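Participant: got a sequence here, can you build the structure:
(chains A and B)
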2 protein chains.
Amino acid sequence: MSKSELPPVTVGEPACEAAPVVREPLRPDDAGRIAVVFKALSDPVRLRLLSVIASHAGQEACVCDLSDGFDVGQPTISHHLKVLREAGLLSSERRGSWVYYRVEPAGLRQLSLVLEALEPASVAG
Amino acid sequence: MSKSELPPVTVGEPACEAAPVVREPLRPDDAGRIAVVFKALSDPVRLRLLSVIASHAGQEACVCDLSDGFDVGQPTISHHLKVLREAGLLSSERRGSWVYYRVEPAGLRQLSLVLEALEPASVAG
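Facilitator: Numbering: from 1, shown residues only, chains lettered A, B, ... in the order given. Sure thing, here's the model as predicted:
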């Protein structure tokens, strides 16, 4: 064929090797809700507080047990406990003179499910 | 017995009903390392970017597919992708004119393990 019959040359960047979408990504409103819970775990002191509570029998600890080993004061500890509670990762109950904090498994479970959905199907399934 | 023989009254707050510690909590250095990864997931746009990449076959997406549906500009998307990459949740590779991002399952897995360790033994086991 003559030069004038050649197909037009594509100008600019070649097309990418886009892989097809095979599952539904997180919806924006769900992402906003879940990001708040991940944010509660994004501070080392909060993560340790949650872990210390989870390390007690029944996953419950008295607030009086939650300052040993932390280099921050009680007001800071209280603030972090409030953030964890508001994120749905802890619940609290006053009994007598003390407040007890308990891990909320449902709060953790929603994060596990999001992580599973991000993993390859063979691992998550 | 006479009044003078009564045991001394405990002054102040009664002891709490402290539950025993039954497992090892996160060590401070591990908590610091893991908190950085949770922080990468604490932003709704980052969480959606990771989810969009994970929704493609092979859990890999071209950067050219990662701006549709986001109300932020390409520089902001690039910044968020960098944060996810530095946290070990994504890897990237240039092929031809395009950069491709892929989910790193090991990065997600370490978070799943931390969450499992926080759940009640019966659920985690």
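Participant: what pLDDT does the nearest residue to residue A:65 once chain neighbours are set aside get?
Facilitator: Nearest non-adjacent residue to residue A:65, counting by C-beta to C-beta, 6 or more residues apart in numbering or on different chains: residue B:18, 5.7 Å away. To be clear about C-beta, it is placed using only N, CA and C from the backbone, and glycine gets the same treatment. At residue B:18, the model reports a pLDDT of 77.
Participant: quick one: residue B:18 is in a strand?
Facilitator: No: read with DSSP: H, G, I helix; E, B strand; the rest coil, residue B:18 is coil and lies in no strand.
Participant: now for it, how many residues are close by?
Facilitator: Neighbours of residue B:18 under the rule other C-beta atoms under 10 Å in any protein chain shown: 15.
Participant: quick one, what contacts residue A:90?
Facilitator: A:50, A:53, A:81, A:84, A:101-104, A:107 (C-beta atoms under 8 Å, 6 or more residues apart in numbering or on different chains).
Participant: ok, which pair from these is furthest apart?
Facilitator: A:81 and A:107 (13.7 Å; C-beta to C-beta).
Participant: before we move on, the earlier item: out of the contacts of residue A:90, which is most surrounded?
Facilitator: Counting neighbours by other C-beta under 10 Å, the top entry in the contacts of residue A:90 is residue A:50, with 29 neighbours.
Participant: any stretches of chain A with poor pLDDT?
Facilitator: Counting by pLDDT under 70, chain A contains low-confidence ranges at A:1-13, A:122-125.
Participant: just want the most central residue of it.
Facilitator: For chain A, residue A:38 is the residue whose C-alpha lies nearest the centre (C-alpha atoms, centre = their mean; 2.9 Å).
Participant: contacts for the helix or strand where that residue lies?
Facilitator: If you go by DSSP states H and E, residue A:38 is part of helix A:28-40. The contact list for helix A:28-40 (C-beta under 8 Å, 6+ apart) reads A:26, A:46, A:83-84, A:86-89, A:107, A:110-111, A:114, B:38-39, B:41-48, B:51.
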